[in-house]
Structure formats: C-alpha cells, structure tokens
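*Asks:* For reference, the sequence and a predicted model appear below.
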Amino acid sequence: MKRVFLFLATNLAIIVVLSITLRILGVERILDETGTGLNLNALLVFAAVFGFGGSFISLAISKWMAKRAMRVHIIEKPRNSSEQWLVETVQRQARQAGIGMPEVGIFNSPDPNAFATGMSKNNALVAVSTGLLDRMNADEVEAVLGHEVSHVANGDMVTLALIQGVVNTFVIFLARVIGHFVDRVVFKNERGHGPGFWITTIVAEIILAILASIIVMWFSRQREFRADAGGARLAGREKMISALEKLRAVHQPSQMPDQLAAFGIRGGMAQGIKKLFMSHPPLEERIMALKTGQR
C-alpha cells in the first residue's frame, strides 16, 4: 500500500496544491450553481483540467526528477570502454526501434535495476545501475537496455500519463459528488459547502485513488510483458530470459525509489490482494511468457 501511495504522490500533491489554491481564490464556487446543487458540467471540466494537468506536469518533469532522485550520471563523453559500449548499444537499439537517441546514464546503486522515463519517444532517458552492470554479463545488460528502449518506443510513459489523467479526473469528480451528497443529505447543509463536504471529499479522494490505482497497476504490469517482448526482439529472446532469471536470483527488495518503481525493470514481490497493487508481474510469469511466446 505504501508503494501505491508513493507512486501517486506527485500527481496527488499537484492536484491538492491546485485545489487548495482555487479554494482560497474562491474559484470552486462555480461548482455550486445556486447554492443547492452542483454544476456537473463545470465540475467535470474542472476535474479533467486538474486531473490531466497533474498527470502531464508529472510527465513533463519526470526526466528532471529521475536524474536528481537517482543522482544519474549522464554519459555525454564516455570515460571508458564500458560507457562507450552502453551508448553504442542504446544508439543501435533506438535506431532499430525507430526513436530518437535517448540520454544514457548510470546511477550508483547495488540494486540490479534500470529505468526509462521522459516526455516523449524522442526526449527520453535510459539509465542503468552500477549493481546491474556488476552482476550481469554484456548479453544480459543488452537485453535490459532493449527492455527499457522498448518502453520508450511503445510510448509507455505517455500512455501511463493518459491513464493516470483519466483516473485523476474521475477521482476528483466522484469525490466532490460524494462530498456534496453527504453535505446536503447527511449534514442538511442547504447553501454553500460546509466542513462535511471538505472532509468527505478528502476521504473519498484517498479511497477512490487507492481503488483506481488497481487499474493503473494492471496496465503497468501489461506493459512489462510488452517491454520484455521488445527487449527479446532487439537483443534476442535467450538474452532477455537470461537477464530476467538473473534478476529472479536477487532476493533483496528493489531499492528503486517508490516514485520510480513503476519505471524500473525489476519490481517487488507480493502475495494475495497485494498483487493487485504491483507495478510489475512476477518474474516467473514474465520468463514463462517469453519461453512460450504467449505475450
């Protein structure tokens, strides 16, 4: 559950700040048309603007945030043969995938992981950890790079932002409708919005955001299968399988910051209902999908 909250933290923080600002300025009064009922059309526009606004602001600053959160060293001029190989491999795979050359970086972490992020297919970042470079051979690293390049080529960051925007819109919309209903029916407030509206709205936003994140996490798991298939096409199926098996052998939890966890190659582990909130499918399922060609 902590991972779900942190994954949505940026979007929710932006939405909360914008909502509070509008309340202070009195703009949200347009949502109460006569003092006794909601203007649902205005509410939906409001929810869409700020639902998608939070999502796309997060997308726009995702690369900047990732660089700073992970302290990524961007390879502008390779300092050694390893960095030269990384840049050349990503360049070749990007050309094969038909996208612009992403920035290539390395971040210091013993956790074998990698991630891709960015605003568009031609403005992306692919970064790998020192732990991944230490634990994997060249073929496995090539497959991981292919996986991340495939995320970029598939437009996963933009698609996830769109889905998050839709989810945000309905969370904002439904939370205010529920808050308005409780304020009028339960607290018998006939004009304006009292404390019951604001308290109910906040509680409803939290509950609805958790439930809606199940949809976002489901898509995130599906895109991992597609990225694995893309990595297999770019680097070779056996290399991709070998890389995932190497990751499966790592038992410690992923050390990727939670706000970037959905964009790493290795997710966490969960059982029961917690699986609904996982950003990555179990590695066993991903390996089986590659072996059987079912995805």
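*Replies:* That came in fine, so what should we check first?
*Asks:* would you list every one of the strands in the protein?
*Replies:* 73-74, 103-107, 114-120, 123-129 (DSSP state E).
*Asks:* hey, least reliable of the ones you listed by pLDDT?
*Replies:* Mean pLDDT is lowest for strand 114-120 among the strands of the chain, at a mean of 92.
*Asks:* and the residue lying closest to Met101 once chain neighbours are set aside, what is it in contact with?
*Replies:* With C-beta to C-beta, 6 or more residues apart in numbering as the criterion, Met101 has its nearest non-adjacent residue at 5.2 Å, and that residue is Ala94. Backbone N, C-alpha and C define where each C-beta goes, glycine included. Counting by C-beta atoms under 8 Å, 6 or more residues apart in numbering, Ala94 touches 100-102, 149, 152.
*Asks:* Make JSON lines from these and add neighbour count to it.
*Replies:* Listed next are those as JSON lines, based on neighbours: other C-beta atoms under 10 Å:
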{"residue": "Gly100", "neighbour count": "14"}
{"residue": "Met101", "neighbour count": "14"}
{"residue": "Pro102", "neighbour count": "25"}
{"residue": "Val149", "neighbour count": "29"}
{"residue": "Val152", "neighbour count": "29"}
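*Asks:* ok, and for stretch 211-222, which residues are buried?
*Replies:* Buried residues in stretch 211-222, defined by neighbour count with 16 or more other C-beta atoms under 10 Å: 212-213, 216-217, 219-221.
*Asks:* about what we covered before: now the residue nearest to Met101: how far from Leu160?
*Replies:* Going from Ala94 to Leu160 by C-beta to C-beta, to the nearest Å gives 20 Å.
*Asks:* what's the answer for His180, then?
*Replies:* Applying C-beta to C-beta, the value for His180 to Leu160 is 30 Å.
*Asks:* do the same with Ala249
*Replies:* Ala249 is 28 Å from Leu160, by C-beta to C-beta.
*Asks:* if you count what's nearby, which of those two comes out ahead?
*Replies:* The neighbour count for Ala249 versus Leu160, taken as other C-beta atoms under 10 Å, is higher for Leu160 (21 against 10).
*Asks:* pretty sure the more buried one contacts Trp218?
*Replies:* No - Leu160 lies out of contact with Trp218 (C-beta atoms under 8 Å); the separation is 11.5 Å.
*Asks:* among the contacts of Ala94, which are in helices?
*Replies:* Judged by DSSP state H, helices contain the following of these: 149, 152.
*Asks:* ok, the contacts of Ala94 vs Met288, which is closest?
*Replies:* Set against Met288, the nearest of the contacts of Ala94 by C-beta to C-beta is Val149 (23.0 Å).
*Asks:* Please name the nearest non-neighbouring residue to the closest one.
*Replies:* What sits nearest to Val149 in space, not counting adjacent residues and going by C-beta to C-beta, 6+ apart, is Gln93, at 4.5 Å.
*Asks:* residue boundaries of the helices in the stretch 51-200 of the chain?
*Replies:* 62-70, 81-97, 130-135, 138-153, 156-181, 195-235 (DSSP state H, counting those that start in this stretch).
*Asks:* Can you tell me which of those is most buried?
*Replies:* Highest mean neighbour count among the helices of the stretch 51-200 of the chain (mean count of other C-beta atoms under 10 Å): helix 138-153, with a mean of 25.
*Asks:* Quick one: list the elements packing against that helix.
*Replies:* Packing partners of helix 138-153 (3 or more C-beta pairs under 8 Å, 6 or more residues apart in numbering; DSSP states H and E): helix 81-97, strand 114-120, strand 123-129, helix 130-135, helix 195-235, helix 237-248.
*Asks:* Identify the residue spatially nearest to Glu245, adjacent ones excluded.
*Replies:* Nearest non-adjacent residue to Glu245, counting by C-beta to C-beta, 6+ apart: Ile287, 6.3 Å away.
*Asks:* cool, and Ala138?
*Replies:* Distance criterion C-beta to C-beta, 6+ apart; nearest residue to Ala138, sequence neighbours excluded, is Trp85 at 7.3 Å.
*Asks:* State the distance from the one you found to Val104.
*Replies:* In terms of C-beta to C-beta, Trp85 sits 10 Å off from Val104.
*Asks:* for Ala47, same thing?
*Replies:* The gap separating Ala47 from Val104 is 38 Å, by C-beta to C-beta.
*Asks:* out of the helices and strands packed on helix 138-153, nearest to Pro281?
*Replies:* helix 195-235 (4.7 Å).
*Asks:* by how many degrees do the closest one and helix 237-248 diverge?
*Replies:* Note on geometry: by axes from the mean of the first three to the mean of the last three C-alpha atoms, to 10 degrees, helix 195-235 and helix 237-248 are set 130 degrees apart in direction.
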